[in-house]
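Enquirer: Provide a 3D model corresponding to the input given below.
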Amino acid sequence: MLRILQVYKDYCPPIYGGIEKELSLLCNELKHVADVQVLVCNRGSKTQQEIIDGIGVLKVSSPTRLLSAPISPLFPYYLGRERYDILHFHLPNPTAVVSYLIARPKGKLVVTWHSDIVRQAKFLPFYKPFLHRFLELCDVILPTSEQYAKSSPFLDRFISKCQAVPLGIDTSRFTLRNAETDQIIAKLREQHGSRIVLFVGILRYYKGLSYLIQAMQRVDGRLVIVGKGPMEKELKAKVSELGLGAKITFAGAVSEELLPAYYHLCDVFCLPSIYRSEAFGVSQIEAMACGKPVVSTQLDSGVPFVNMHRKTGIIVPPKDSNALAEALNELLSNRALASQMGDLARRRVEREFTAKRMTQSVLAVYSRLLGTN
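Expert: Alright, predicted model coming up:
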C-alpha cells in the first residue's frame, strides 16, 4: 500500500477554514486508498502519538516558537525515521523545510504552496536560501491557484514544477438541510433580521474588516461577523465609534455544526481582505456552496479566481469602503441577480472545489511521480 507522510505545523480541530482543515480533509479522503501518517509539532515539551479519525498523528515536541514558527530540535529525527513513498509538505513551514534539508529522507517530495510568507519579511533574508534549496529538491509544487503561483516572488524560478490544485470542501456539510436546520436558520433570522451580510473567519489584520465596518454606514442591511481573533477589541471599538452597534453583530466563535446555518442565513457573503495573505479564501467557497453570492476584493492571489466577477459575485478594489458598500447594496436590493449569482456559485463549487476533486488531483500527482498511473 502507498505510504504517505503529510507534514505541517499543527494538526488540530480547525476553525473557519485554514490549512489545518484542508489537511484534515485531504487525509480523511486519502486514508481509504493509502497508509497516511501526519507529522506536526506539538505545542509543548512532549512528543505525543495520537490516532485522529483513524489517522496516525505524531506531534513532535516544540517548547517555543519564533515568529510563529515552531522550534523543534527533534523534528529532523522523526522526519527521517521511517521511509515513505511520498513526503507531502504544506507550506509556509520553515521548521519542516530546514528539517528536511537536515534529514534528507527518502521518497518523492511534494509541496502544497498555501501561501507566501508575507508578514515576517525581516526573517526572509535568513530563510530564503533554505527555502530555495528545498524547492530545488521538490519533485512537484502544488499552488492552490495558477494566479497565486504567477504572482509569488518565491515560485517564479520554479514555475515549471508548479501544478495548480485548488482547495476543496466537504460540500455535504453545507448543502444538506433538514427541518432542524431550517428551524435554526429561522431563529437566527428572528435574532438578526433580514438583508444580512455575513463575514466568517479569524479576525486578523489582513481580513480588511475595518473597511467593511466603515462600508456598513452606507449599506441598507445588517452585518454579522462570525469568528474571534486578535483584532476583535479594535474592531468593536470602531463599531462603537461609528455608532453602528444596531447594524453590526459580533457572533463570536460558532461551532462547526452551527456554521452552515449562518451561511444559509445571509443574503450576501463578504470577504473584504486587503493583503495577499488571503491566498484562497475557503470561507467564500463554503458560502458559495450554500448558494450565496460573494463580494470579495481584487487581490493578486487566488481569491478572484474563486469568486468570478459578475458571475458568482462582485469583486471590488481592496481598501475601498465605498466600492464595498455599492456592491453589497446592489446584491441586497436585486434579489434576482443575487439568486442568479448564488446558483452559479453553488454549481462552481460542486464542479471545481470539492474535497473529492482535490484528493483525486493530488492522487494523480502521486501516481505520476511513482509511475503507477
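Enquirer: where does the closest residue to V268 other than its chain neighbours fall, secondary structure wise?
Expert: Counting by Cβ to Cβ, 6 or more residues apart in numbering, L331 is the residue found nearest to V268 once chain neighbours are left out, at 4.7 Å. The C-beta positions use only the backbone N, C-alpha and C, and glycine is treated the same way. Assignment of secondary structure by DSSP states H and E places L331 within helix 321-333.
Enquirer: what does I213 give?
Expert: Taking DSSP H and E as the definition, I213 sits inside helix 209-215.
Enquirer: which strands and helices sit next to the helix or strand following that helix?
Expert: Beyond helix 209-215 in the direction of the C-terminus, DSSP H and E gives the next helix or strand as strand 222-226. Helices and strands touching strand 222-226, by 3 or more Cβ pairs under 8 Å, 6 or more residues apart in numbering; DSSP states H and E, are strand 196-200, helix 209-215, strand 248-252, helix 259-265.
Enquirer: centre of the chain to stretch 58-70, how far?
Expert: Averaging C-alpha positions (Cα atoms, centre = their mean, to the nearest Å) puts stretch 58-70 21 Å from its chain's average.
Enquirer: now do the strands in the stretch 251-373 of the chain.
Expert: Read by DSSP state E, counting those that start in this stretch, the stretch 251-373 of the chain holds these strands, from start to end of the chain: 268-271, 294-297, 313-316.
Enquirer: who touches the second one?
Expert: Going back to what we said before, that points to strand 294-297. The contact list for strand 294-297, computed with Cβ atoms under 8 Å, 6 or more residues apart in numbering, reads 208, 268-274, 281, 284, 287-288, 303-304, 306-307, 312-318, 324, 327-328, 331, 345.
Enquirer: give me the buried subset of those residues.
Expert: Restricting these to buried positions leaves 208, 268-274, 281, 284, 287-288, 303-304, 306-307, 312-316, 318, 324, 327-328, 331, 345, with burial counted as 16 or more other Cβ atoms under 10 Å.
Enquirer: picking that back up, output the helix holding L331 as PDB, restricted to C-alpha atoms.
Expert: What follows is helix 321-333 as a C-alpha-only set of coordinates in PDB (Å, rounded to 0.1, in the frame of the first residue of the first chain):
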ATOM      1  CA  SER A 321     -15.300  51.100   1.600                       C
ATOM      2  CA  ASN A 322     -17.400  52.900  -1.000                       C
ATOM      3  CA  ALA A 323     -16.900  50.100  -3.500                       C
ATOM      4  CA  LEU A 324     -17.800  47.500  -0.900                       C
ATOM      5  CA  ALA A 325     -21.000  49.400   0.000                       C
ATOM      6  CA  GLU A 326     -22.100  49.800  -3.600                       C
ATOM      7  CA  ALA A 327     -21.600  46.100  -4.300                       C
ATOM      8  CA  LEU A 328     -23.400  45.000  -1.200                       C
ATOM      9  CA  ASN A 329     -26.300  47.300  -1.800                       C
ATOM     10  CA  GLU A 330     -26.600  46.100  -5.400                       C
ATOM     11  CA  LEU A 331     -26.900  42.500  -4.300                       C
ATOM     12  CA  LEU A 332     -29.100  43.200  -1.300                       C
ATOM     13  CA  SER A 333     -31.500  45.200  -3.500                       C
END
